[in-house]
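1. coordinates only, sequence not included:
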């Protein structure tokens, strides 16, 4: 039907994506913050225990006689084992001399005033964290700096950090998941009024031009206001065009009716053959132009309506019956027989007014072309899945090779010389049928004595 | 394997080329074995033979070369000599910890290592495979007419009140010679204040110092010694032949539980086999099923109870403290002063 | 018959009045809805011809109130609008039929006949002439107690003759009245229908005589 406008993508998807990427950024930040805090915490707690260990060793250092001795407390090293299963190294120096411990531990460069220092280094192929504290003792009247270094590998810390990384990762992922679900829900709920509006507008019938009255979020008020204004304009313009067609018909037909009536009156009064002949010509011309005008207006109306069919369930037999009742008086004037063969179960879903108009145009043609005392057959039947309505007359049939051309607008059959506008009638019928997804078929009867017009609907 | 040949080769003691002293070298398994596990161990080979046989039954293409050394020599062999071994089994927990701490061990983790309680596994490097109690072994005959002491205080009291009976008949480890003795002594010193008093009493009775538990057990069984302090209860209890001649007492105040440990050495040539052997040891020691070949008593210690008298010595860096040269020197000096009454 | 014509276009109304009176009908004319309601309230009509577009209202409004009054007078709507748009409205509102302007009076007559026939007709539709009883609605002719059904053109021809007995109708004028203007028929075609009618009248005291050179005349014998 109508073409889709170019789409710039879904608001909901965009909203969801934006909210989710926001959540992803926050989750990532959360992850790194937690990780950093954890790392700092792990490092500082290792530093603290190393410091405590070194301090307790340093406190055991004393001068005995003429040497510096240390008596490492059992707790100094075992406390390190309480926290983690890391390898432990220590070194006690008195000035430049090694008192005890691992003499190849790295040096910590410290300022003179600093009593302690920390270092992360590599030792024996493993990362270690090391602390060194020092104290000045007096040996034989000389100052000697006793420095205690305690180092530990960082497996425990690494494990703590790994554990915290997992926690951070899970909390980040959990945060993201919750945020993502909420993003989807939020996007859905914020798009819901739009969907509701779209739904309510698209569910409307073609003639429903009422303004949208339901409450909408304030952001959508301008849109709905414009929509309502547009619908009001459309309504005005639609009723204007309907009025215009009606008015045009009225303007054309009323004077024609006057002239025709007067012509008939006069015809009854005059006796001279020439006068009568010209009056008859006049009436005939009026009939032709009025029928043409009528069909033009019908056609305009049909075109207008096929854009938005007002569909309902139609029983084709009932429709045919009504048409026959309507046209019988006209047929009788020519002593024509309107015969029906109706399958009462034939139903289609379509625009009743248009279909009636189409069939009436075909029957009109048949009546116009038929000679006195002939028969016109109107059938309603089922053909497989399709519903078929067929008009067969005995009016001589279509000339060969003209059957398709006949349905073109304004095309006329050769035998319609003197008969008014049959071409447009068929055009109307064809457009109506095709608007319903059906087909119009023009054939001559087997005996060749008449035309057979078949309308088949899905 | 029925036709498996157990060849026990004893090589003469005191290998001149080496600075560490080998007490015995043994080879188990078929001659045409393709792979060999080399074990250096402080344990008497007899204790472990059934377990090793079990292992070889399951791995017929494998042989075990077993080198028996003292705990000090084990350290020398690995640290100073860089001798090639796959596994080190030792009762000297502190030395094993030092080996691991100083980077001579390799990590190992398997289903079997997960069986080991937390206190019996240090960093997946040092694995306990036995729990052996530091006991008092007495000769019932020597205590005739006296109450056999059940804790240290009681021992002190009975020794003090009958110096004539015990003069020259009290025995303990020579800490300078025995790593196990030193370990027990330092743990005692740490956990009970009666230790030093006991040493002084024993010193006043002219205590005799021994290099091994077996020597003390036999001396007691012969009646030569009346009481031996800090003897491996597991050895004493294993001597069914000495029934009635000795009595083994786990001190009721505090009994230290020594853990015999295994470490996989760095640079092991048969790492996988060695790991398999460690798992074999650990499964026998900690597995739910009892293995008849397992030579040690399976204690089920409740370490959660803080006041429990029987406690495993904790594996960890604390053990390094008493290995510190200065610390050791000072401790031995104090101990000598007490035991020798100098 | 008595008609009420509701039509605001003066010219058309005059022409229609002329034309209907010509056939001997009595016709009142109302140019707007209010007049129409006045007329229909004061007189009985056989049929109302109703235009849709009226100056003071819509013909459909008249139709609605007309039906609301339970007035049974049949209504034929004269529509100038499109078939498509008006059809539903007028029939649904109770019009009996509708005819599109400009209309053929033969068709209008036919529709009137059909509407009245559907409504059950009335006895006043029976014309007597001589010993003939002719019911234009039923399309029957009683001759001497025998009822004959007439075909459409026979009926219309008889109606023409009976409406003005003894008048001579030329063949040309009869053609005008029996055939539509787009049919090209020779005047001789009339002879067929006159012949058929004469057959029906055989045995009665009414006859159709040929006036040579002038046409036909019906008279009592």
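-> On my side now, so go ahead. Remember, predicted model here, so these are calculated numbers, not experimental data.
2. who's in contact with the most centrally placed residue in chain B?
-> Nearest residue to the geometric centre of chain B (CA atoms, centre = their mean): residue B:91, 3.5 Å. Contact analysis of residue B:91 by CB atoms under 8 Å, 6 or more residues apart in numbering or on different chains lists B:42-43, B:71, B:132, B:179-180, B:183, B:232, B:258, B:260-261. To be clear about C-beta, it is placed using only N, CA and C from the backbone, and glycine gets the same treatment.
3. one more: residue B:163?
-> Counting by CB under 8 Å, 6+ apart, residue B:163 has contacts B:204-205.
4. now do the strands in chain C.
-> Remark: strands assigned in chain C by DSSP state E are C:2-6, C:26-30, C:47-51, C:53-54, C:57-58, C:75-79, C:97-100, C:126-129, C:132-135, C:140-143, C:146-149, C:206-211, C:215-220.
5. mean neighbour count and mean pLDDT for these - can I get that in CSV?
-> Compiled in CSV, the strands of chain C are given as follows (neighbours: other CB atoms under 10 Å in any protein chain shown; pLDDT from 0 to 100):
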stretch, mean neighbour count, mean pLDDT
strand C:2-6, 21, 90
strand C:26-30, 18, 90
strand C:47-51, 25, 88
strand C:53-54, 21, 80
strand C:57-58, 14, 79
strand C:75-79, 25, 86
strand C:97-100, 20, 84
strand C:126-129, 14, 78
strand C:132-135, 19, 83
strand C:140-143, 18, 84
strand C:146-149, 11, 85
strand C:206-211, 15, 87
strand C:215-220, 18, 87
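6. of these, which approaches residue A:280 most closely?
-> strand C:215-220 (17.7 Å; CB to CB).
7. so does that closest one get close to chain A?
-> No - contact of strand C:215-220 with chain A (CB under 8 Å from any CB of the partner chain) is absent, the minimum separation being 10.7 Å.
8. between strand C:206-211 and that strand, find me the angle.
-> 150 degrees (axes from the mean of the first three to the mean of the last three CA atoms, to 10 degrees).
9. which strands or helices does strand C:215-220 pack on?
-> helix C:152-163, helix C:171-178, strand C:206-211 (3 or more CB pairs under 8 Å, 6 or more residues apart in numbering or on different chains; DSSP states H and E).
10. so what touches that strand?
-> C:129-130, C:161-162, C:165-171, C:173-174, C:190, C:194, C:205-211.
11. list, out of those, those positioned next to chain A.
-> C:170, C:173.
12. quick check: which of the helices and strands packed on strand C:215-220 is buried the most?
-> Of all the helices and strands packed on strand C:215-220, helix C:152-163 has the most neighbours on average by mean count of other CB atoms under 10 Å in any protein chain shown, namely a mean of 21.
13. and it, average pLDDT?
-> Averaging pLDDT along helix C:152-163 yields 85.
14. elements contacting it?
-> strand C:132-135, helix C:171-178, helix C:189-201, strand C:215-220.
15. partners of the shortest one, with directions?
-> Right, strand C:132-135. strand C:126-129 (antiparallel), strand C:140-143 (antiparallel) (DSSP bridges).
16. of those, which is nearest residue B:150?
-> strand C:140-143 (147.0 Å).
17. chain center to the closest one: distance?
-> 19 Å (CA atoms, centre = their mean, to the nearest Å).
18. what about the helices and strands packed on strand C:215-220, which gets the closest to residue A:135?
-> Going by CB to CB, the one of the helices and strands packed on strand C:215-220 nearest residue A:135 is helix C:152-163, 140.1 Å.
19. quick one: distance of that closest one to the chain centre.
-> So, by CA atoms, centre = their mean, the centroid of helix C:152-163 is 11 Å from its chain's centroid.
20. tell me the secondary structure at residue B:144.
-> coil (DSSP: H, G, I helix; E, B strand; the rest coil).
21. can you tell me how far it is from residue B:226?
-> Per CB to CB, to the nearest Å, residue B:144 is found 10 Å from residue B:226.
22. of these two, who's got more company?
-> residue B:226 (26 against 8; other CB atoms under 10 Å in any protein chain shown).
23. hang on, residue B:256 packs against residue B:313?
-> Yes - counting by CB atoms under 8 Å, residue B:256 touches residue B:313, with 5.6 Å between them.
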